[in-house]
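Trainee: Model the following, please.
(one chain, ligands or ions: 2)
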Amino acid sequence: MEANSSGADVSADHIIAELLDMGFEFDKISEAIGIVGPCRADVVEFMLNGSGSEQRKPAGGLQRRSSDRSTRPANPRGNFKQSSITDHIASTTGSKMESRGGEASTSYSWLAPSIDTAVTAAVCSKSKPEPQTLLQNSRGEFDLNDKISAVLKKHFGFSCVKGFQKEALDAWSAHKDCLVLAATGSGKSLCFQIPALLTMKIVVVISPLISLMHDQCLKLAKHGISACFLGSGQPDNRVEGKAMAGMYKIVYVCPETVLRLMEPLKKLAEKPGIALFAIDEVHCVSKWGHDFRPDYRRLSVLRENFCSRKLKFLEHDIPLMALTATATLHVREDILKSLKMSEHTLVVLTSFFRPNLRFTVKHSKTSASSYREDFKELIGTYNVSRNFSGKGQKILHEVDPESESSSYESVDDSASDDEDAVADIKKAKVAKSLVKENTEHELDQYPGVDDFDVSCGEFLENSRPENFAFPVQSHETSSSENLDQGPTIVYVPTRKGTVELANYLCKSGLKAAAYNAKMPRSHLRQVHEQFHCNALEVVVATIAFGMGIDKSNVRRIIHYGLPQSLEAYYQEAGRAGRDGKLSDCTLYCSFMRTPTLLPNKRSDEQTRAAYRMLLDCFHYALNTSTCRAKILVKYFGEDFGPDGCQMCDICINGPPQMHDFKEEAGVFMNVLQAQTATEGMNYNSTDCYRSGRRNFGGVPDFRTAVSYIREKFPRFAMTDKIWWQGLARILEDMGYIQEAAEIPRVIVQHPEPTRAGLNFLSSQPDEEGLHAHPDAAMLLAMSSPRSASSSVEWGRGWADPEIRRQRLAGKTGRRKRKRGSRKQPTGFTTAKERLSAILSKSKRRR
Ligand SMILES: Nc1ncnc2c1ncn2[C@@H]1O[C@H](COP(=O)(O)OP(=O)(O)OP(=O)(O)O)[C@@H](O)[C@H]1O
Ligand SMILES: [Mg+2]
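Mentor: Ligands and ions are numbered 1, 2, ... in the order given. Prediction:
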C-alpha cells in the first residue's frame, strides 16, 4: 500500500480504479501490479516504459508490503482453462505461486491482497513451519481447514466455522451445488464470503434488496474485504465496469441485473474466474414462499450458462450456493427445481430453532385505542432504564394516542437545567423528527430492489478501526431472565400504522421512528443509520424494514397485527437476539377478527397458497397447547422432540383445561350433514332436526349452520360464532370436517363432514368423548359472555320472522325519528333550504 497526497493509505483497488480512469487497460494494470506491487508511480512507470523501477524509493517514504511482489511471475496472456477451486486455494500462497510458475491465475493475486498475510499469521502461530505445511498434510494434500481458520480469524475474528458452514464450504470446494437451510442469524453469509478469501476468483452474490447488499458491503469493508453492489440503486455507474473487470472480491447483484450482465459475467468467469454464485434469501424463488420475486425464478440461467459444457474454459461447473432461513419442504423442492440445481446438490440443513428467542402471543385490537395498554411495558422499560442509568430523562407520562398535547414537550421544559436530560431530549427530538407526517393508508410491501438509495456503491477494504471489537456469543438464557438493553422493532401491517404508533411512542418519551417504503429515501437512510448506531430505541416499520438486517443486539421484535405467513413471521422475529442473548418476540393480534390477505394481484393458485399461509399463521396465534418454538420449527419440517422450549407463553403458562366437545361436535356435524344432503332428504333422525327441517340448498354453510344451532338448541343460544369457529378448527384438525370451498379462507366457510366425521357421528353416545384444548379465540369468547350473549340474542332474533318484522319496523321508525331529530333545530327539510339558510345567515353577519 502506498500513501496518497493527503497521507491516507491507498489500496491496490484504488490504484486500479485510478488507472482505469486514466485509460489504462485492466490486463496491463494487473500485470504491472503483479510485478512491481501496488505502488501507483511504479505501476505507471512500468506500463509506460515497460520496466519496473525497482530502484525507486517507495512514495512517501513508506515501505512496501512484506511480501515482495517483484518476485512474482508475470501474467501470461490469452485464454486459459480455469483450474479447480482447490488449485486456486493452494495457489494463493507465495510458494505455491512460484511452484505454479506460468499459471495465469497467479497474476490476480492482488485480488486477494489479504490472503498472504492471513496465511503468514497462521504460519506464525504454528511455530513457523514451512508455508507448505499449512496447505499440505503429511500426504502432501492441501488442508482447507487450516486455510479457512486462518482467514476466519484474520477477517472476522472467529476461532472456528460452525458445522453447517463447514459442510457448505466442503461442498463448494468439491464444486458441488449446495442449498443451505439455517436459522436466521446463524451465519449463512460466511458460507459464501469465505470462498472469496480462499481463491483469487470473485464471488457473485444475488440478493433481493439494495439495503441488504449495502449493509453487507459495509460490513465486508470493515473486515478488510472489497465488495460492491450493482443494480438500479447503484449511484456510481463506473462501479459495474470495475466489478466486471474483477476489481472486487465480492459482487452483490440483484436478480434483474444478473440477467442483464450475462455476457460480462461470462468474461469474468474466464478471467479472473468466478468462484461461486451465491443466491441469498433464496426462498424468494418460490411462489409457495412468503416473498416471491419473479426475477428470482429466472436465475436458472446461472446453472444453464456457467457450466463446463457451455463454457469450454471451465474445468468444472461454477458452483451455486442457495441460502435461506425460511423454506418449507415444498419451497425447498421448488428452489432446487426452479434454479435447475444439479441433481447432486448437497442440502445442508441445520436446526431452525433459536434457543434464545422467547415467543409470546397476545390478544389485542391492534388499533390506536389499544396502544396505551399494549405498549405500557415497553415505554416503561426504556424510560425506567434511562432513569436508572443516571442520564436524567424523567419517566414520562403516558399519553393518550388521541390526545393533542405532547408529554414529551412538557418534559422538555421541566428538565431544561439538566444537561444529560437535555442531551437525551435532543436525541429524542431527532428521533421525533424521523416521524414524518406520512399519511399513507395503503398496505405496504417490499419496495423492490432499489428500496433506498445509498451514497456509496463500492466498499474497499478499510483498515480495521482501532476499537473494532468482534462480537461475543452468549447462549445463556432462562425464562426468568430479564432482557438486556437493546433496540426494538415493531412491525405493523400498514404505513399509516407506522406513523401513528411511532408518534405515540415518541410522545411517550421514546426515541422512535417510523419506516415504510413510501417515506422519503433520505429519511429511510437516516433511520437505518440511527438504528445501527443505537440512536433509536424503537423502529416502527412495515415489512419494508428489510430482510437480513444483521444488528446483533435487537432485544424485542413486536408484531402489531398478524403477519401474512409463518415464514415471514419467523424471518422477521429472527432479527432479534442475533448476539445469542435472550430476546422477546411478541405477536399482538385480534383473535376475534378474521385475518385477510394484503391486496395483491394473484392467480387463484397463488390466492389459495396465500390463504393457506395466513391460516397457518392464525392457527399459530390461536394455539393454546403446543410450544410456540415447536410449531415454528415444525412448520419448516423439523422435529423438535417431546420437550418444549420452556420459555414461550405456552410452556410457561401451560395449556388450558381439556374439554369434551362430543356433544357440540355432534350437533354441529349433524347440521352440516343435513346441509349437504340434497333437497327432500331426511337430514337426521334426531327429533330436533326433524322439527327444524329446512332446505339448506345442498351447500354446507358455516354461518347458516351456527344460526340454526343457536336458534333451535336453547342450550347453545348464548354461544358465540367465534366459539363455533374454534370448534370447526378442532374438527378440521381431527380430520372430521373439511372445507368444501374451492379457495379456502382463513375462517371455515363451507365445512362438510368427512368419512371420519361421519364415522364419528354414527358412533354410540357412550363411546369415548372428543377431548381437546379450547383455542385462544374460544377462551376469549367464553370469557366475555356479555358481549357474546348480546350479539347472540341479536343474531338469534333475526332468525325469527316475527322478531325480524318488528325490528325492521322499529329500525325504520328509529331511522325516521333520527332524521326528524336532526332536522328539528333548523326546521328545514331539504339540503337546498338548509344551504339558503346558511347563506342568508352569513349575509346577515356581514
Ligand atoms: N463461525 C462463526 N462464529 C461466530 N459468529 C459467527 C460465525 N459465523 C457467523 N457469525 C456471526 O453471526 C451473525 C449473523 O450472521 P449472518 O448475517 O450471516 O446471518 P444469516 O444466517 O445470514 O441470517 P439471516 O437469515 O437473517 O440473513 C453475524 O454477526 C456473524 O458475524
Ligand atoms: Mg443472511
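Trainee: Neighbours of the residue of the stretch 151-300 of the chain found nearest ligand 1, how many?
Mentor: Residue of the stretch 151-300 of the chain nearest ligand 1, by Cβ to the nearest ligand atom: residue 187 (2.6 Å). Just so you know, the C-beta spots here come from the backbone N, C-alpha and C atoms, and that holds for glycine as well. The number of residues packed near residue 187 is 18, by other Cβ atoms under 10 Å.
Trainee: Residues of the stretch 51-200 of the chain that sit close to ligand 1?
Mentor: 158, 161-162, 165, 182, 184-190 (Cβ under 6 Å from any ligand atom).
Trainee: neighbours around residue 521, how many?
Mentor: If we define neighbours as other Cβ under 10 Å, then residue 521 has 15 of them.
Trainee: can you start the count at 23 instead of 1 from here on
Mentor: Sure thing, new numbering starts at 23, so read that last one as residue 543.
Trainee: Now do it against residue 313, distance only.
Mentor: 21 Å (Cβ to Cβ, to the nearest Å).
Trainee: One more: residue 282?
Mentor: Taking Cβ to Cβ, one finds residue 282 at 22 Å from residue 313.
Trainee: Of the two, which one has the most company?
Mentor: For residue 282 versus residue 313, neighbours defined as other Cβ under 10 Å are more numerous around residue 313 (22 against 15).
Trainee: can I assume that one is in contact with residue 586?
Mentor: No: contact criterion Cβ atoms under 8 Å: residue 313 and residue 586 do not qualify, at 9.5 Å.
Trainee: re the thing from before, kindly reformat the residues of the stretch 73-222 of the chain next to ligand 1 as TSV and extend each row with pLDDT and distance to residue 609.
Mentor: Supplementary listing: these in TSV, determined by pLDDT from 0 to 100; distance: Cβ to Cβ, whole Å:
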residue	pLDDT	distance to residue 609
180	92	33
183	94	34
184	94	29
187	96	31
204	93	23
206	89	16
207	89	19
208	91	22
209	93	26
210	95	25
211	95	27
212	96	30
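Trainee: Who wins on neighbours among those?
Mentor: Top of these by neighbour count (other Cβ under 10 Å): residue 210, with 27 neighbours.
Trainee: tell me the SS of the closest residue to residue 347 other than its chain neighbours?
Mentor: The spatially closest residue to residue 347, leaving aside those adjacent along the chain, is residue 206, at 4.3 Å (Cβ to Cβ, 6 or more residues apart in numbering). Here residue 206 is coil, with the state taken from DSSP: H, G, I helix; E, B strand; the rest coil.
Trainee: quick one: contacts for residue 206?
Mentor: Residue 206 makes contacts with 347-348, 376, 592-593, 595-597, 600, as judged by Cβ atoms under 8 Å, 6 or more residues apart in numbering.
Trainee: one more time with 7 Å, if that's ok
Mentor: 347, 593, 596-597 (Cβ atoms under 7 Å, 6 or more residues apart in numbering).
Trainee: ok, and the most crowded of those residues?
Mentor: residue 596 (26 neighbours).
Trainee: what's the burial count for the spatially closest residue to residue 211 that is not a sequence neighbour?
Mentor: Among residues not flanking residue 211 along the chain, residue 238 sits closest, at 6.5 Å (Cβ to Cβ, 6+ apart). A total of 22 residues lie near residue 238 under the criterion other Cβ under 10 Å.
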